[in-house]
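here's my sequence, what's the structure:
(one chain, ligands or ions: 2)
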Amino acid sequence: MDIRTVGVVGAGQMGNGIAHVFALAGFEVTLHDISEDALSRALATIEKNLERQVSRGKITGADKAAAVARLHTTKTLTDLGQSDLIIEAATERETVKTAIFEDLQPHLKPETILTSNTSSISITRLASRTDRPEKFMGFHFMNPVPVMQLVELIRGIATDEETFKTLHAVVERLGKTAASAEDFPAFIVNRILMPMINEAVYTLYEGVGSVKSIDESMKLGANHPMGPLELADFIGLDTCLAIMNVLHDGLADTKYRPCPLLTKYVEAGWLGRKTQRGFYDYRGETPVPTR
Ligand SMILES: CC(=O)CC(=O)SCCNC(=O)CCNC(=O)[C@H](O)C(C)(C)COP(=O)(O)OP(=O)(O)OC[C@H]1O[C@@H](n2cnc3c(N)ncnc32)[C@H](O)[C@@H]1OP(=O)(O)O
Ligand SMILES: NC(=O)C1=CN([C@@H]2O[C@H](COP(=O)(O)OP(=O)(O)OC[C@H]3O[C@@H](n4cnc5c(N)ncnc54)[C@H](OP(=O)(O)O)[C@@H]3O)[C@@H](O)[C@H]2O)C=CC1
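Ligands and ions are numbered 1, 2, ... in the order given. Below you'll find the predicted structure:
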């Protein structure tokens with residue numbers, strides 16, 4: 001199937017990155033969010049990140065202008081109905097995602113492919129709540145989307161070969177690399193990455209190290225580009241906790257138990273960069289560790 005028009009649901013950090021790379025690659029993109037604020041912030045972020053690519057000589061000013069012209073926003077979910085491809089990138093909560101697909105369904109063309117950018121939730125279960133499980137897939141981008149090369153492709157039990165091939169070709173058109181993962185909790189990247197982040201939070205909780213020493217250790221001692229706590233703040237602590245809960249519930253192994261300190265930060269509303277406070281406080285000039 002030839003994909004030309006793309007509807008992105010959720011204009012948070014992933015939704016804006018996904019809209020950015022699709023518009024730059026020549027797709028017509030409509031970005032939806034329930035909040036007007038989120039839509040304006042997303043457009044401002046996309047403009048800033050495109051400008052950064054222009055200033056580093058990665059794209060031209062004309063590429064940027066053309067990408068911006070291909071970007072549309074809406075608060076009305078049904079405006080996405082005529083898209084060839086839907087990418088759901090709303091909050092990591094199954095009830096939120098299921099409701100979005102249910103609301104969209106009556107307005108879709110029969111051939112529209114549905115995908116979710118979920119970090120962890122069962123693709124088979126999300127697909128089973130739609131009228132087209134054979135045209136449903138996990139389409140997992142990494143953060144920051146304009147920079148990261150990988151896209152995980154996750155088939156549900158009913159996903160057909162044509163859908164897989166179509167999305168594989170879309171990933172190539174974006175200039176990214178696809179990796180196939182089976183539909184088990186958190187797939188590949190987060191099955192490995194999130195327990196490491198959770199272990200870093202336990203290391204902090206048990207007083208083995210401070211925020212600064214844990215992050216410095218992993219940056220300088222293991223050559224990670226960001227320390228695990230800095231990365232957790234970057235991803236969003238609510239998303240990290242949601243993924244750990246899916247691993248814990250789905251694999252029924254105590255090794256995936258979310259650290260109580262991670263739960264506490266989320267309960268405080270300290271969700272990381274997006275709320276300006278997490279393992280670091282971002283309200284000043286430079287990030288200050290909170291422990
Ligand atoms: C939770 C999930 O479900 C799955 C996930 O996504 S897990 C998270 C996966 N992501 C990671 O692990 C990210 C780890 N961190 C990194 O790789 C790096 O710190 C980083 C790429 C984010 C930033 O790198 P840095 O060297 O500190 O910063 P900086 O020099 O400003 O940026 C590096 C490059 O990225 C570009 N860049 C950074 N953010 C960007 C953005 N949002 N948009 C466009 N370009 C961006 C910069 O322009 C720069 O480009 P050049 O190399 O051409 O100069
Ligand atoms: N953060 C990361 O590093 C990665 C995240 N993901 C996945 O991407 C998805 C989005 O994550 P992320 O962008 O970080 O989250 P954010 O919290 O940044 O953004 C989520 C956005 O979805 C909006 N939203 C909530 N409910 C609805 C709805 N019913 N309809 C439309 N929009 C809605 C939220 O609005 P409001 O704020 O008003 O609630 C918010 O703007 C999640 O499934 C996450 O697991 C995948 C890869 C990496």
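
for ligand 2, what are the nearby residues on the stretch 1-150 of the chain?
By the rule CB under 6 Å from any ligand atom, the part of the stretch 1-150 of the chain lying against ligand 2 is 9-15, 32-35, 38, 89-92, 96, 100, 117-119, 141-143. The C-beta positions use only the backbone N, C-alpha and C, and glycine is treated the same way.

mind running it again at 8 Å?
Contact residues (CB under 8 Å from any ligand atom) of the stretch 1-150 of the chain with ligand 2: 9-17, 32-35, 37-38, 42, 77, 88-93, 96-97, 99-100, 116-121, 140-143.

now residue 67: how far from ligand 2?
19 Å (CB to the nearest ligand atom, to the nearest Å).

tell me the secondary structure of the residue in the stretch 151-291 of the chain that ligand 1 sits nearest to, please.
As assessed by CB to the nearest ligand atom, ligand 1 sits closest to residue 225 within the stretch 151-291 of the chain, at 3.7 Å. Secondary structure assignment for residue 225 (DSSP: H, G, I helix; E, B strand; the rest coil): coil.

checking my notes, residue 245 in a strand, right?
No. According to three-state DSSP, residue 245 belongs to no strand; its state is helix.

just give the nearest non-adjacent residue to residue 241, would you?
Nearest residue to residue 241, sequence neighbours excluded (CB to CB, 6 or more residues apart in numbering): residue 266, at 5.0 Å.

give the buried residues for the helix or strand hosting that neighbour.
Residue 266 belongs to helix 260-267 when elements are defined using DSSP states H and E. Counting neighbours by 16 or more other CB atoms under 10 Å, one finds that the buried residues in helix 260-267 are 261, 262, 265, 266.

now, which of those residues sits nearest residue 278?
Residue 278 lies nearest to residue 265 out of the buried residues of helix 260-267, by CB to CB, at 6.3 Å.

any chance you could map the helices in the stretch 1-150 of the chain?
Along the stretch 1-150 of the chain, the stretches classed as helices by DSSP state H, counting those that start in this stretch are 13-24, 36-55, 61-69, 94-104, 123-128.

any idea how far residue 186 is from residue 86?
Distance, residue 86 to residue 186, by CB to CB, to the nearest Å: 22 Å.

what does stretch 218-234 contact?
Stretch 218-234 is contacted by residues 143, 196-197, 199-201, 204, 211, 214-217, 240, 262, 272-273, 278-280, 282, 287 when judged by CB atoms under 8 Å, 6 or more residues apart in numbering.

touching ligand 2 at all, that stretch?
Yes. Counting by CB under 8 Å from any ligand atom, ligand 2 is contacted by stretch 218-234 at residue 234.

list the buried ones in that stretch?
By neighbour count with 16+ other CB under 10 Å, stretch 218-234 contains the buried residues 218, 227, 228, 229, 230, 231, 232, 233, 234.

and if you look at stretch 130-142?
Across stretch 130-142, burial judged by 16+ other CB under 10 Å covers 130, 132, 133, 135, 136, 137, 138, 139, 140, 141, 142.

now the two most distant members of those residues.
Put simply, by CB to CB the two of these set farthest apart are 132 and 142, 26.2 Å from each other.

could you report the separation of residue 242 from residue 271?
11 Å.

the residue of the stretch 1-150 of the chain found nearest ligand 2: neighbour count?
Relative to ligand 2, the nearest point of the stretch 1-150 of the chain is residue 12 (1.8 Å; CB to the nearest ligand atom). By the criterion of other CB atoms under 10 Å, residue 12 has 19 neighbours.
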